[in-house]
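Chemist: Please work out how this folds:
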Amino acid sequence: MKLKILGTGTATPSLQRASSSYLLSTTWGNILVDIGPSVVRRLLEYGYTTDDVDMVVLTHFHPDHTVDLATFLFASNYGEVTRKKPLILLGGQGLEGFYENFVRLYRWLSPVGYDLILKSLPAGEWSLGEVSIKTSKTNHNPESIALRVTEGKREGKRIVFTGDTDFSKDLVALAEGADLMVSECSFPERKVKGHLNLADLQRIVKEAKPRQVILSHLYPDWDAFDGVLHAPFLLGIDGLDIEL
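Modeler: The predicted structure follows:
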């Protein structure tokens with residue numbers, strides 16, 4: 001698997017960080033995790049188009065994780081290259097209602113010439129060839145999910161995306177032994193309900209023992225951070241490539 005970090009930021013506008021989003025290339029296809037503001041442009045900047053994406057995952061329905069879905073679906077119908085292959089939209093509970101309201105607001109988004117498959121997976125596992133996706137509910141919004149993507153039947157590579165979340169034992173279990181954990185860590189020290197700070201994340205990592213941890217969903221507090229991050233922690237950078 002190969003990971004391209006498209007953005008590591010939040011709803012706070014930033015010239016350095018786009019909204020948190022990640023493109024994971026697998027043997028099954030390309031999985032886009034979250035699609036907030038400017039993500040479609042970021043795809044183009046890094047050499048991808050909307051047609052290169054086979055699945056879009058919404059970890060939850062907040063605007064900084066979803067609003068560019070409108071751009072994506074509009075481009076799939078009316079872009080320079082119109083979409084023909086199926087697209088999977090995966091999310092937590094209430095996905096169908098969220099999509100219906102989205103299309104009601106922007107009536108040009110219903111699929112034209114391709115199949116859109118809605119997959120609600122609040123907590124469970126789904127296999128796509130040699131790739132499996134396991135989800136778990138998280139402490140953020142009612143629909144919020146974290147996901148673990150595994151490639152390979154035996155001793156497969158495992159990558160976890162936490163989405164926005166607070167500490168939970170379910171998240172520890174999902175991240176246990178992962179090769180890579182891409183985790184929200186909104187603040188170095190400040191504690192905001194529904195989000196992780198560095199102390200929360202260290203607690204998760206101590207129990208789950210992932211091999212590497214990328215910190216993402218970074219608020220401006222991190223710009224003033226003068227501490228030192230030790231392995232397995234790495235501060236996320238927009239545009240970073242990771243091969244698993």
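
Chemist: Roughly how far does the spatially most central residue of the chain sit from Val172?
Modeler: The structure's the chain has its C-alpha centroid closest to Val33; by CA atoms, centre = their mean the separation is 3.1 Å. Computed with CB to CB, to the nearest Å, the distance linking Val33 and Val172 is 20 Å. Where you see a C-beta, it was placed from the backbone N, CA and C, and this is true even at glycine.

Chemist: and what of Leu32?
Modeler: Separation of Leu32 from Val172 (CB to CB) stands at 26 Å.

Chemist: Tell me which of these two has more neighbours.
Modeler: Leu32 (27 against 17; other CB atoms under 10 Å).

Chemist: Look at the more buried one and give its secondary structure.
Modeler: Classification of Leu32 by DSSP: H, G, I helix; E, B strand; the rest coil places it in strand.

Chemist: before we move on, what about the one 3 residues further on?
Modeler: Counting by three-state DSSP, the backbone at Ile35 sits in coil.

Chemist: Tell me, how many residues neighbour it?
Modeler: Counted by other CB under 10 Å, the residues lying close to Ile35 total 30.

Chemist: mind listing what it touches?
Modeler: Ile35 makes contacts with Ser21, Val56, Leu58, His65, Thr66, Val67, Asp68, Leu69, Phe72, as judged by CB atoms under 8 Å, 6 or more residues apart in numbering.

Chemist: can you tell me which of the residues you listed are in strands?
Modeler: By the criterion of DSSP state E, membership of the contacts of Ile35 in strands covers Ser21, Val56.

Chemist: would CSV of the contacts of Ile35 with neighbour count and pLDDT be doable?
Modeler: Written out in CSV, the entries for the contacts of Ile35 read as follows (neighbours: other CB atoms under 10 Å; pLDDT from 0 to 100):
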residue, neighbour count, pLDDT
Ser21, 28, 98
Val56, 25, 98
Leu58, 24, 98
His65, 29, 98
Thr66, 22, 98
Val67, 17, 97
Asp68, 26, 97
Leu69, 24, 98
Phe72, 21, 97
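
Chemist: Fine by me, we can end here.
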